[in-house]
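Peer 1: Got a sequence here, can you build the structure:
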Amino acid sequence: MQDTALPWLVLERTHSSVQVGLLLFCRYVPFSVFGLWAGVLADRFDNRLMLMLTQAASMCVAAALAAETFLHGSLGFVYALAVLGGAAVVFDSPNRQTLMFRLVGREELPNAVALNSSLFSAGRVVGPAVGGVVIAAAGVGWCFAVNAISFLAVLLALALMRVTELYSLDRGEGRPRGLAAIREGLSFVRHRRGLRLVIVGVGVVAIVGFNVRVLIPVMTVKTLHSGPHTLGVLFGCFGIGALAGALYAASAERPRWRRSLISLGAFGIALLALGIFQSVWSAGALLVVGGAAFSIWTATSQAMLQVGSPDALRGRVVSLYLMVFGGLSPIGSLLSGWLADLGGTRLAFLIAGGAVSATAVYSAVDIRAEHGHEPAGRATRFLEPPT
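Peer 2: Predicted structure coming up:
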């Protein structure tokens with residue numbers, strides 16, 4: 001609900017797609033600043049306690065957004081809260097991913113990653129749909145207020161975990177700290193070709209593909225000439241597809257390159273089609289397809305990174321993924337907003353779809369060249385961590 005309400009609040013006050021892009025820039029710029037450091041902390045401290053701290057911080061940000069909206073504060077305060085909320089997410093994500101490993105162990109990790117994605121996708125279905133109704137009926141502020149209250153359930157669940165039943169982590173002795181720890185994580189990814197390929201795909205999607213969230217509100221208002229109900233429906237369509245894709249990924253035994261590349265290519269094609277067919281019905285159908293493809297690709301990529309990382313480095317590898325994804329998203333948000341102002345959402349979607357599709361083709365060619373004797377779907381040897 002909050003992710004639906006924030007861009008709508010800015011668009012309602014400014015009527016500018018560039019300002020919506022600036023909001024997403026503020027939301028994700030902490031990934032560039034703190035991303036790698038968050039992984040270092042996740043590899044050193046108790047992940048459950050760190051999660052409780054980050055979730056409490058996110059709750060405070062949501063409560064402050066509600067207060068700002070009800071009191072009609074300044075837009076600058078909204079941008080500042082977006083930065084603080086993004087910082088909380090930066091430190092939350094690697095700890096959540098590592099705690100997931102401690103809950104299920106290595107063998108069940110790919111399924112757990114996909115199920116985790118399905119829960120987020122379910123939120124993308126319910127949240128925007130309810131958010132659109134709440135915005136129309138009661139105002140934007142109530143979306144933030146409900147979100148703030150919801151964190152109490154998360155904190156209670158974390159507090160009630162039986163820590164003695166969690167899987168142990170082999171983090172070794174004499175672990176490096178600070179910049180040395182960051183260099184160790186970067187060196188590990190640099191020497192693993194498969195992990196590098198995943199990170200390249202993440203970077204392209206972050207710059208041009210993930211900013212569908214910036215373009216949906218702009219398309220709703222300026223292209224489709226609709227209101228918050230249509231906004232909720234379109235976000236909900238993307239969420240329905242994402243939920244279906246995540247449930248499909250959860251049924252898979254292991255992460256496979258073929259699944260990753262096909263879903264990345266399908267996401268690119270859906271974005272291209274959104275630049276060509278621009279009606280409410282066609283946009284809804286294409287967002288379902290795009291959401292499913294994006295969710296399958298995301299779950300598979302995250303599982304690849306986690307399965308291919310040793311316990312001592314998992315937090316830093318995941319944080320690199322999140323830093324690239326979140327750190328490049330601010331640039332992509334501004335780029336998408338500028339392209340939408342320059343040539344409408346048609347131009348923005350066409351460029352995004354073309355870049356994502358080209359990345360899928362490049363990755364397929366690279367894997368085939370490296371493992372020409374081995375089916376791409378089974379080329380998992382260059383993901384396995386060293387023994």
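Peer 1: Can you spell out which helices and strands pack onto the helix or strand residue 363 falls within?
Peer 2: Using DSSP states H and E, residue 363 sits within helix 314-370. Helix 314-370 is packed against helix 17-42, helix 75-104, helix 178-190, helix 193-204, helix 212-218, helix 257-276, helix 280-307, with contacts defined by 3 or more Cβ pairs under 8 Å, 6 or more residues apart in numbering; DSSP states H and E. Placement of C-beta: from N, CA and C, glycine included.
Peer 1: do that again at 6 Å, thanks
Peer 2: Applying 3 or more Cβ pairs under 6 Å, 6 or more residues apart in numbering; DSSP states H and E, we find helix 314-370 packed against helix 17-42, helix 75-104, helix 193-204, helix 212-218, helix 257-276.
Peer 1: Most tightly packed of those?
Peer 2: helix 212-218 (a mean of 24; mean count of other Cβ atoms under 10 Å).
Peer 1: Give me the residues contacting that one.
Peer 2: 7, 11, 17, 20-21, 24, 231, 234, 333, 336, 340, 345, 348 (Cβ atoms under 6 Å, 6 or more residues apart in numbering).
Peer 1: quick one: average pLDDT of stretch 285-299?
Peer 2: Averaged over stretch 285-299, pLDDT sits at 90.
Peer 1: make that stretch 302-320, sorry
Peer 2: 80.
Peer 1: Can you give me the buried ones in it?
Peer 2: Using 16 or more other Cβ atoms under 10 Å as the test for burial, stretch 302-320 gives 302-309, 311-320.
Peer 1: Kindly check the end-to-end length of it for me.
Peer 2: For stretch 302-320, the first-to-last residue distance is 11 Å (Cα to Cα, to the nearest Å).
Peer 1: That one: how far from the chain's middle?
Peer 2: Mean-position distance between stretch 302-320 and its chain equals 16 Å (Cα atoms, centre = their mean, to the nearest Å).
Peer 1: if I read this right, residue 40 contacts residue 179, doesn't it?
Peer 2: No: checked against Cβ atoms under 6 Å, the pair residue 40 and residue 179 is beyond contact range at 9.1 Å.
Peer 1: So, low pLDDT: which residues of the protein?
Peer 2: 121, 124-125, 170-177, 210, 253, 370-387 (pLDDT under 70).
Peer 1: Share the number of residues neighbouring residue 251, please.
Peer 2: Residue 251: 9 surrounding residues under other Cβ atoms under 10 Å.
Peer 1: circling back: want to throw the helices and strands packed on helix 314-370 into a markdown table with distance to residue 282?
Peer 2: Formatted as a markdown table, the helices and strands packed on helix 314-370 follow (distance: least, Cβ to Cβ, whole Å):
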| stretch | distance to residue 282 |
| --- | --- |
| helix 17-42 | 21 |
| helix 75-104 | 31 |
| helix 193-204 | 25 |
| helix 212-218 | 14 |
| helix 257-276 | 8 |
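Peer 1: then stretch 196-203 to PDB, C-alphas only?
Peer 2: Output of stretch 196-203 as PDB, limited to C-alpha atoms (Å, rounded to 0.1, in the frame of the first residue of the first chain):
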ATOM      1  CA  ARG A 196      29.200 -12.000 -12.400                       C
ATOM      2  CA  LEU A 197      26.700 -12.800 -15.200                       C
ATOM      3  CA  VAL A 198      23.900 -12.600 -12.700                       C
ATOM      4  CA  ILE A 199      25.100  -9.300 -11.400                       C
ATOM      5  CA  VAL A 200      25.300  -7.900 -14.900                       C
ATOM      6  CA  GLY A 201      21.700  -8.800 -15.600                       C
ATOM      7  CA  VAL A 202      20.600  -7.300 -12.300                       C
ATOM      8  CA  GLY A 203      22.400  -4.000 -13.200                       C
END
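Peer 1: got the contact list for that stretch?
Peer 2: Applying Cβ under 6 Å, 6+ apart, the contact partners of stretch 196-203 are 301, 304, 321, 324, 325, 328, 359, 363.
Peer 1: and if we set it to 7 Å?
Peer 2: Stretch 196-203 has contacts (Cβ atoms under 7 Å, 6 or more residues apart in numbering) with 189-190, 264, 301, 304-305, 320-321, 324-325, 328, 359, 363, 366.
Peer 1: Greatest separation within the residues you listed: which pair is it?
Peer 2: Farthest pair in the contacts of stretch 196-203 (Cβ to Cβ) is 190 and 264. Separation: 21.9 Å.
Peer 1: coming back round to it: quick one: which of the contacts of helix 212-218 is nearest residue 288?
Peer 2: Residue 288 has its nearest neighbour among the contacts of helix 212-218 in residue 234, at 10.1 Å by Cβ to Cβ.
Peer 1: That closest one and residue 282 touch, don't they?
Peer 2: No: counting by Cβ atoms under 7 Å, residue 234 does not reach residue 282; the two are 11.1 Å apart.
Peer 1: the more surrounded of these two?
Peer 2: residue 234 (24 against 13).
Peer 1: Give me the distance between residue 34 and residue 16.
Peer 2: Separation of residue 34 from residue 16 (Cβ to Cβ, to the nearest Å) stands at 28 Å.
Peer 1: ugh, typo on my part, it should be residue 200
Peer 2: 32 Å.
Peer 1: same thing with residue 67?
Peer 2: With Cβ to Cβ as the criterion, residue 67 and residue 16 are 24 Å apart.
Peer 1: Could you do residue 150 as well?
Peer 2: From residue 150 to residue 16 the distance is 30 Å (Cβ to Cβ).
Peer 1: What of residue 103?
Peer 2: In terms of Cβ to Cβ, residue 103 sits 43 Å off from residue 16.
Peer 1: now swap in residue 291 and tell me
Peer 2: Taken as Cβ to Cβ, the span from residue 291 to residue 16 is 26 Å.
Peer 1: Many thanks, we can stop here.
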